[in-house]
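Asks: with the sequence up front, the predicted model follows.
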Amino acid sequence: MCCEFPRMTEDRVTIVLPAEMRRAATVLARERDITLGQLVRDVLAAEIGRRHRARPPVRADERLVAPLRARLAGDLAHAVDWQDLQRRLAAKGYALREAGGGLALHEWPGGRRLCKASELGFSYSRLMRRLGRPFPGHAHVGLAGRVLAPHAPDPGIGDDDVILIEPD
């Protein structure tokens, strides 16, 4: 494997490995016909490259989200169905749209994406449980089956909440 870093200067680094890991790494290096040091450099270069190629999560700026959360919390909490929610949001210049496995808030009618619904404190699954059905036309129908199943968690419990049931 070719390292993407120029070989200008090198620093000597000492690492401590458990004996079994060193033996396994030595076997792997021999199979690749490289030194143990080269194996370590290749693995590190691959990991660093993977990190640089990874897309950062699409997160909205909290300075934008906080006022939206305050402005729309009542509408998100009190709408009786998806149509009512979209009507309430449109009256304030917003709309929910499918985004991957969830929903995102967009400007309406312009369409610019502002943030994920979950960043407003109302994940798609939470809204789906509260409104009793999936977002109209949402492609992830499997999620609706899991969320709305009779054994699904209570709508008052958030997606990140843990339910602890202790034995008698």
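Replies: Cool, got the structure.
Asks: from residue 16, how far off is residue 78?
Replies: Going from residue 78 to residue 16 by Cβ to Cβ, to the nearest Å gives 59 Å. For every residue, glycine as well, the C-beta is placed using N, CA and C.
Asks: how many residues are close by the nearest residue to residue 39 once chain neighbours are set aside?
Replies: Among residues not flanking residue 39 along the chain, residue 29 sits closest, at 4.2 Å (Cβ to Cβ, 6 or more residues apart in numbering). By other Cβ atoms under 10 Å, the residues close to residue 29 number 17.
Asks: show me what contacts residue 29?
Replies: 35, 36, 38, 39 (Cβ atoms under 8 Å, 6 or more residues apart in numbering).
Asks: residue 15 too?
Replies: Counted by Cβ under 8 Å, 6+ apart, residue 15 has contacts residue 40.
Asks: that older thread, and residue 78 and residue 16? Which one has more around it.
Replies: The neighbour count for residue 78 versus residue 16, taken as other Cβ under 10 Å, is higher for residue 78 (11 against 6).
Asks: any idea how far residue 129 is from that one?
Replies: Counting by Cβ to Cβ, the gap from residue 78 to residue 129 is 15 Å.
Asks: what do you get for residue 81?
Replies: Counting by Cβ to Cβ - residue 81 and residue 129 are separated by 13 Å.
Asks: so which of the two has more stuff around it?
Replies: Higher neighbour count among residue 81 and residue 129: residue 129, with 19 against 13, using other Cβ under 10 Å.
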